[in-house]
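Colleague: Okay, predicted coordinates and the sequence, questions at the end:
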There are 2 protein chains.
Amino acid sequence: MSDAIRLDGADLARTLREELTGKVSVLNERYGRAPALSVILVGEDPASEVYVRNKHAACAKVGIRSEIIRRSADISAEDLRELIVRVNEAVDVDGLLVQLPLPAHIDPAQVRSWIDPHKDVDGLHPENVGLLASDQPRFVPCTPLGCLRMLEHYEIPTEGRLAVVLGRSLIVGRPMATLLSARSVNCTVTLCHSRSRDLPRICADADILIAAAGQPQLVEEDWIRPGAAVIDVGIHRIQDLSHPKGHRLVGDVHPNAERVAGFLSPVPGGVGPMTIAMLLENTVRAFQLQKGVQEAVV
Amino acid sequence: MSDAIRLDGADLARTLREELTGKVSVLNERYGRAPALSVILVGEDPASEVYVRNKHAACAKVGIRSEIIRRSADISAEDLRELIVRVNEAVDVDGLLVQLPLPAHIDPAQVRSWIDPHKDVDGLHPENVGLLASDQPRFVPCTPLGCLRMLEHYEIPTEGRLAVVLGRSLIVGRPMATLLSARSVNCTVTLCHSRSRDLPRICADADILIAAAGQPQLVEEDWIRPGAAVIDVGIHRIQDLSHPKGHRLVGDVHPNAERVAGFLSPVPGGVGPMTIAMLLENTVRAFQLQKGVQEAVV
C-alpha cells in the first residue's frame, strides 16, 4: 500500500509569499506605500502571543507593514470599540484583525461587526460572511481559503465530488463548506458536527475530507475512502515524554490515515502556514480594494 | 405499503396567520399603528403579478398594512435605488421587498444590498445572510423558514439526522442548508446541485430531503429512504390536456414518492402558503425590531 502524497502547506506558502513579495513591491512603487495590517491583541494568552508574532514576521517577509496594538485583558468593550473605529478610520491601514480568543466579558460577535467590512481581512464580519454565501466573496476567512489553495495547487478535482467538512465553526467549518459549494468549485458538500450520527460512515464517502472538529486524532484510517484528499485543520499539543520537549503536535487526523488517503496535509506544516499566507493575501486584497482594484478571490 | 403523511402547509399557514392576527392586533393597540410592508414590483411579469397580489391579500388578512409600488420595466438602476432608499427612510414602513425576477439591466445583487438590512423581510441582504450563517439570525428567507416550521410542527426529529438539500439557490437551497445545520436544529447537512454526482444515492441516505432543484418531478421513489420526510419546494406548470385548464402544477418530487416517504409536502398546498406566512412573520418581526423588541427566530 502506498503512502499518501503530502500536501506541503509550508512549501506552497513559501511560493505564495514569494509571489506576494513581488506584488507588494509593485504596489509600493505604484501607490507610494506598502499595504498595512493592524493586529489588536487583548490580554496575554501565550498561544495568541505566538500567533500574533508569527503574523507580524510573515508580513515583514513580504514587505507588508504591520503593527501590533496591545491592550490589557480588562479593557472595556466600549474602549475596544473606540480603538477599532480609530483603526477603521486610519487611511494608512488597509487590514485589521482582532486576535481571538477575547476575554469573556467581550462578545466576539459584536467585535466582528465593529470592524470595517472593507478592512476585515479575517472575513468574519456578517457582511463578508454573507457575500461569500452569495457567490460574491470579498474576504474569505484565511484557513478555508488556504485549504482551497492547497486543493487547487495539487490539482485535486472538485467538480461534482463529495467534500465532507467535519466541524461547523464560524472560522473554519462553515466558510469552508460555503466555499466548496461555490459555483467555481462545485463540490457536493456535507457539513458535520459533534451531534452528527454515523460520522465514520459519512466521512468514508468523501472524495475530499476537511477535518476541523477540534478533536485530536479523531479521524482514523477506516473513516477514509481510499485515495481521498484529507486536509487536517486540527492542531493540538499532546504530552509525549519520549520527545525532547515533553510534548508534540498532532492534528484531528490519526497518522494511520496516511495508509489510505491519496493526499494528506501534515500537522504541523500543512494548513498552519497556508492560513498565515492567506492573511497576507487578504491584506494585499484590502489594499487593492482601497485603491479601487478588484481581483477574483476564487 | 402505507402512504406518506401529508405536510399540510396550507393548514399550518392558516393556523400561523390566526396567531399573527392576534399579535398584530396587540401591537397595533400598543404602538398605535399596524406593521407595514412595501412591495416593489418592476415590470409586468404575470407570475410576479400573481405572487405580489397574493402577498398583499395575505397581509390584509392578518391586519398588516401593505402597499404595492409599481414601476415600469425600463426603470433605471439609479431610479430604483432612489426609490428603495426612500422606502428605507420611511418611518411608517417596517418591511420592504423587491419582487424577483428583475429586468436584465438591473443587477439583483446590487438591489439586495440597497435594502435597509433592518427592513429586509426577504433576508437576502448580505448582512442578514451572514448573520444567519453566524448563528445570529435576524431575517431568514421565507421559503427555508417555512420548511423549518413544517418540520417543527410535524415534530420531525432533526438532531443528528442527515438532511439533504437539492439546489443551491440564494433564496432557498443555501439558506435552507445553513438553517438546518444551525445549533438549534443540529442536522448533518448535504448541499447538492446540478453538478453533483450520484444524486439518487446521496438522496437515498437522507432522513430529511428538501427538493429545491427546479426540475419537475426529478425526485422519484427510489431516491427516497423509506420513512424519510420530503419537502417539495418546486412548483412547475406542465401541460395536461386532461385537466380543465389544460395544465396542472407539479413539484420537484414525483407523485410515486408518496409510496416510500414517511412525510411529504404536497404541491400546491405545501411550501407555497408557508412562504407567504413567513413573509408576514418577518414583517411583524421587522416592526418589533424597530420598536426594540427581539424574539428568537429559531
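Modeller: Received it, and whenever you're ready, just let me know what you need.

Colleague: ok, which stretches of the stretch 51-200 of chain A are helices?
Modeller: Using DSSP state H, counting those that start in this stretch, the helices found in the stretch 51-200 of chain A span residues A:77-89, A:108-114, A:126-133, A:142-153, A:173-180, A:199-203.

Colleague: Mean neighbour count and mean pLDDT added to those helices, as JSON lines?
Modeller: Backbone N, C-alpha and C define where each C-beta goes, glycine included. As requested, the helices of the stretch 51-200 of chain A are exported to JSON lines (neighbours: other Cβ atoms under 10 Å in any protein chain shown; pLDDT from 0 to 100):
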{"stretch": "helix A:77-89", "mean neighbour count": "15", "mean pLDDT": "98"}
{"stretch": "helix A:108-114", "mean neighbour count": "18", "mean pLDDT": "97"}
{"stretch": "helix A:126-133", "mean neighbour count": "26", "mean pLDDT": "98"}
{"stretch": "helix A:142-153", "mean neighbour count": "23", "mean pLDDT": "98"}
{"stretch": "helix A:173-180", "mean neighbour count": "27", "mean pLDDT": "98"}
{"stretch": "helix A:199-203", "mean neighbour count": "18", "mean pLDDT": "97"}
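
Colleague: who wins for proximity to chain B among those?
Modeller: helix A:126-133 (3.3 Å; Cβ to the nearest Cβ).

Colleague: what angle do the closest one and helix A:173-180 make?
Modeller: 40 degrees (axes from the mean of the first three to the mean of the last three Cα atoms, to 10 degrees).

Colleague: Relative to the whole chain's centre, how far out is helix A:126-133?
Modeller: 16 Å (Cα atoms, centre = their mean, to the nearest Å).

Colleague: wait, does that helix make contact with chain B?
Modeller: Yes: using Cβ under 8 Å from any Cβ of the partner chain, helix A:126-133 reaches chain B at A:Pro126, A:Glu127, A:Asn128, A:Val129, A:Gly130, A:Leu131, A:Ala133.

Colleague: now swap in stretch A:190-199 and tell me
Modeller: Yes: contact of stretch A:190-199 with chain B (Cβ under 8 Å from any Cβ) involves A:Thr190, A:Leu191, A:Cys192, A:His193, A:Arg195, A:Ser196, A:Arg197, A:Asp198.

Colleague: neighbours around the last one, how many?
Modeller: The reference is to A:Asp198. Using other Cβ atoms under 10 Å in any protein chain shown, A:Asp198 has 13 neighbouring residues.

Colleague: The closest residue to it other than its chain neighbours: what's it in contact with?
Modeller: Spatial nearest neighbour of A:Asp198, excluding adjacent residues (Cβ to Cβ, 6 or more residues apart in numbering or on different chains): B:Leu162 at 7.9 Å. Contact partners of B:Leu162, counting by Cβ atoms under 8 Å, 6 or more residues apart in numbering or on different chains, are A:Arg197, A:Asp198, A:Ile202, B:Cys187, B:Thr188, B:Val189, B:Thr190, B:Asp205, B:Ala206, B:Asp207, B:Ile208.

Colleague: measure stretch A:41-50 end to end?
Modeller: 11 Å (Cα to Cα, to the nearest Å).

Colleague: Now do the buried residues in that stretch.
Modeller: Of the residues in stretch A:41-50, A:Leu41, A:Val42, A:Gly43, A:Asp45, A:Ser48 count as buried by neighbour count, 16 or more other Cβ atoms under 10 Å in any protein chain shown.

Colleague: State the mean pLDDT of that stretch.
Modeller: Stretch A:41-50 comes out with an average pLDDT of 96.

Colleague: can you tell me which residues contact the closest residue to A:Ile208 other than its chain neighbours?
Modeller: Spatial nearest neighbour of A:Ile208, chain neighbours left out: A:Ala163 (4.1 Å); criterion: Cβ to Cβ, 6+ apart. Contact partners of A:Ala163, counting by Cβ under 8 Å, 6+ apart, are A:Ala177, A:Leu180, A:Cys187, A:Thr188, A:Val189, A:Thr190, A:Ala206, A:Asp207, A:Ile208, A:Leu209, A:Ile210.
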